[in-house]
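K.L.:
Need a 3D model of the sequence below.
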Amino acid sequence: MRASTIKNESFDDGAGAPRAGSRLATSLTLAAMSLGYGVVQLDVTIVNTALGAMGRTLGGGVAELQWVVSAYTIAFAAFILTAGALGDRIGAKRIFMAGFAIFTAASLACALAPNAAVLIAARLVQGLAAAILVPNSLALLSHAYPDDRERGRAVAVWAAGASLALTAGPFVGGALITLVGWRAIFLVNLPIGLAGLWLSWRCASETTQARSREIDLPGQLAAIGALGALAGAIIEGGSLGWEHPAVIAAFVGAAILGALFVWRESRAVQPMLPLSLFGHRLFALTSLVGLLVNIAIYGLIFVLSLYFQRINGLSAWWTGLAFVPMMGAVLPFNLLAPRLAEHIGPCPTIVVGACVSALGCLGLLWIEAGTSYWAILAQMIAISGGLGLLVPPLTSTLLGSVEKARSGIAAGVLNATRQSGSVLGVALFGSLVASEGAFVTGMHLSLILSAAVLLLAAAVIGLGAPARG
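P.N.:
Numbering: from 1, shown residues only. Okay, the predicted model is just below:
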């Protein structure tokens, strides 16, 4: 009788699938949302281990590899705010499932790409789908867990799954490239996507549709154009030269489109990016810090990936292993951050994290071709450990700086600014190492620039935040 009761409470009568709203369905919804966020983060790091193999197979130089990485993050950064609004208007479940389907199809296109141009285009579509998955997975979690305490635990599981994917990316990527080839790093997304789609379809409950929620299409187009033009100018400037007419035109285009974006957002009835948010001092400061930190960290990860493979001649397998301790350090420092923030405050914790990462960058300045991995391991852990230390208080401080009703859009802005930082970091640092025969010099410049940007981030929040922050 007890077993029968449990079954009736958890499953539909005929199909044997979990009934929406049951405890099992809620848990499986969490699993689906975690798969969605996890696969997005997996593709952030797994591709770095394949850069050498992609370059050998598809041809091209550093600029093409920069576009393989940046196409994903450009679309991710530019579309994430609109994707959340689209979920509000149509329903988060429908949009989330569409995002998973697009991501899966784009992953297959990446795996089958015959040349760099097709791969870059498919990565752009992947990034668009990633932007759909992240905000709508959170919306569905919020809908599935109405209780604040349970929702907090669910979000922690969701975030931990993403951290695990981020850490596993280099290791899994290295293994797949060694055993199968670089195309396998995209094929692994197919079973994840199919599982996520099925779980979402059978278990997740649809959110309430807000038909009055408008989509700011002109603002969206201007944002994509401005960010793409700026990244393109920096990437191509490293290979074509900064005085090349196409590079100058791209910089001018980025400035014009950026100005149009600000003008549009200041006048739209329902703007994609409410500029009034930046009237909150802490919100503006933490958004800027998020941008600066990602410029420094993710640009440097791109350079280190090329260093391990092109300069030190490591295989994809060993390159993946080399990044595991670095990525693995993020999670324990994430867990340490709230405790430290309770003792010294969130803003000082952000300062400490940025300074630790900066010291890690400075500790690598003597790196040369052939430097032992063990001689740079501690510095790499310091760089990622500082990142793990500052992200939780950065996020909580930004969300706490605005009224609760606007926390969703505030979180979207933080994601957008951080992803924009990743785009600019890869573009800028990649341009510094693009010259043949001058990679190590460019890497030293990248390390100095990373340290300077991180120290600037520390100064911004340390000197600009109110004393109580």
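K.L.:
For the nearest residue to residue 352 once chain neighbours are set aside, the count of nearby residues, please.
P.N.:
Nearest in space to residue 352, with sequence neighbours left out and distances taken as CB to CB, 6 or more residues apart in numbering, is residue 389 at 6.4 Å. Using the backbone N, CA and C atoms, a C-beta is placed for each residue, glycine as well. Residues lying near residue 389 (other CB atoms under 10 Å) number 27.
K.L.:
buried ones in stretch 161-181?
P.N.:
Under the neighbour-count criterion of 16 or more other CB atoms under 10 Å, stretch 161-181 has 161-178 buried.
K.L.:
Among those residues, which lie within helices?
P.N.:
Per DSSP state H, helices hold the following members of these: 161-178.
K.L.:
for the helix or strand hosting the residue nearest to residue 352, packing partners?
P.N.:
Element membership of residue 389 [criterion: DSSP states H and E] is helix 377-400. Other elements packing on helix 377-400 under the criterion 3 or more CB pairs under 8 Å, 6 or more residues apart in numbering; DSSP states H and E are helix 281-306, helix 316-328, helix 330-344, helix 346-362, helix 407-432.
K.L.:
what's the shortest one in contact with?
P.N.:
Right, the one you point to is helix 316-328. Helix 316-328 is contacted by residues 45, 48-50, 52-53, 166-167, 169-175, 177-178, 182, 301, 304-305, 308-309, 314, 373, 377, 380-381, 383-384 when judged by CB atoms under 8 Å, 6 or more residues apart in numbering.
K.L.:
redo that, cut-off 6 Å
P.N.:
If you take CB atoms under 6 Å, 6 or more residues apart in numbering as the criterion, helix 316-328 is touched by 49, 53, 166-167, 170-171, 173-174, 177-178, 308-309, 373, 380-381, 384.
K.L.:
Please apply the same query to stretch 127-141.
P.N.:
Applying CB under 6 Å, 6+ apart, the contact partners of stretch 127-141 are 33, 36-37, 40, 72, 75-76, 79-80, 83-84, 87, 92, 95-96, 99, 102-103, 154, 204, 207, 412.
K.L.:
Let me know the pLDDT of residue 210.
P.N.:
pLDDT, residue 210: 65.
K.L.:
Looks like residue 393 contacts residue 340 (just checking).
P.N.:
No. Residue 393 lies out of contact with residue 340 (CB atoms under 6 Å); the separation is 8.2 Å.
K.L.:
Helices of the stretch 151-300 of the chain, start to end?
P.N.:
184-187, 189-203, 217-240, 245-267, 281-306 (DSSP state H, counting those that start in this stretch).
K.L.:
Helix 217-240 and the fourth one, what's the angle between them?
P.N.:
Angle between the axes of helix 245-267 and helix 217-240 is 160 degrees (criterion: axes from the mean of the first three to the mean of the last three CA atoms, to 10 degrees).
K.L.:
Can you mark which positions in helix 245-267 are buried?
P.N.:
247, 250-251, 253-254, 257-258, 260-261, 264-265.
K.L.:
Would you mind giving the residues you listed as JSON lines with pLDDT and distance to residue 445 added?
P.N.:
As requested, those are arranged in JSON lines below (pLDDT from 0 to 100; distance: CB to CB, whole Å):
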{"residue": "247", "pLDDT": "92", "distance to residue 445": "19"}
{"residue": "250", "pLDDT": "94", "distance to residue 445": "22"}
{"residue": "251", "pLDDT": "95", "distance to residue 445": "20"}
{"residue": "253", "pLDDT": "95", "distance to residue 445": "26"}
{"residue": "254", "pLDDT": "94", "distance to residue 445": "23"}
{"residue": "257", "pLDDT": "95", "distance to residue 445": "28"}
{"residue": "258", "pLDDT": "93", "distance to residue 445": "26"}
{"residue": "260", "pLDDT": "95", "distance to residue 445": "33"}
{"residue": "261", "pLDDT": "92", "distance to residue 445": "30"}
{"residue": "264", "pLDDT": "92", "distance to residue 445": "36"}
{"residue": "265", "pLDDT": "88", "distance to residue 445": "35"}
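K.L.:
And those residues, which is closest to residue 273?
P.N.:
residue 265 (5.1 Å; CB to CB).
K.L.:
Pick out the most distant pair among the contacts of helix 316-328.
P.N.:
Across the contacts of helix 316-328 (CB to CB), the longest gap, 25.9 Å, separates 53 and 381.
K.L.:
Any idea how many residues pack against the closest residue to residue 284 other than its chain neighbours?
P.N.:
Nearest-residue entry for residue 284: residue 278, 4.5 Å, with adjacent residues in sequence omitted and distances by CB to CB, 6+ apart. If you count neighbours by other CB under 10 Å, residue 278 ends up with 14.
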